[in-house]
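1. Generate coordinates for the sequence data below:
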Amino acid sequence: MRTLALLIAAVGILLEGLVIGFTLFALGGVIDAYSMSMAGTDPSLAQAALKVGGIVLAAFLVVLAAVLAAAAARDRHARKAAFAAMIVQCAVVVIAGLALGWAVFAGTLIVLGTLLYALLDDSQQPATH
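-> As a prediction, the model looks like this:
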């Protein structure tokens, strides 16, 4: 069961990383296209910051998803990676709950639940296939 929980969490975090990264990168393009100023800052600085932030955050989440998937493939605990993913996931759940609607909130809550299960599962038994 731990393997399934880690796989669900890995897929969910991978999708979140891709969506968040793409959205921030696209917002950087919008700022550039319309020369938008945010509180008087230089539009090119804001555009570059959003694009770099999107790429870095997406890369972090993709790597985290890969670590969780590797742990699932080896049927091992991923305590440190799962703990880091839980922290990120808590922030994503709050943002999703506030801004993105019930469907996104439910999806992120499922990922959070599977991460919690993977952290709390103390069984030393290998997965049954």
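2. how about the least confident helix or strand in the chain by mean pLDDT: buried residues?
-> Within the chain, no helix or strand scores below helix 79-95, which has a mean of 78 by mean pLDDT, DSSP states H and E. Going by neighbour count (16 or more other C-beta atoms under 10 Å), the buried part of helix 79-95 is 81, 82, 84, 85, 86, 88, 89, 92, 93. (Each C-beta comes from the backbone N, C-alpha and C, glycine too.)
3. just checking, what packs against the next helix-or-strand element following it?
-> Remark: after helix 79-95, the chain's next helix or strand is helix 102-120, criterion DSSP states H and E. If contacts are counted by 3 or more C-beta pairs under 8 Å, 6 or more residues apart in numbering; DSSP states H and E, helix 102-120 sits against helix 2-34, helix 79-95.
4. show me what contacts residue 43?
-> 31, 32, 35, 36, 37 (C-beta atoms under 8 Å, 6 or more residues apart in numbering).
5. now do residue 87
-> Contacts of residue 87 by C-beta under 8 Å, 6+ apart: none found.
6. Low-confidence regions, the chain specifically.
-> Scanning the chain for pLDDT under 70 picks out the ranges 122-129.
7. Out of the helices and strands packed on helix 102-120, flag the one nearest residue 68.
-> With C-beta to C-beta, the closest approach to residue 68 among these belongs to helix 2-34: 4.0 Å.
8. So which elements touch that closest one?
-> Checked by 3+ C-beta pairs under 8 Å, 6+ apart, helix 2-34 has helix 43-74, helix 79-95, helix 102-120 packed alongside it.
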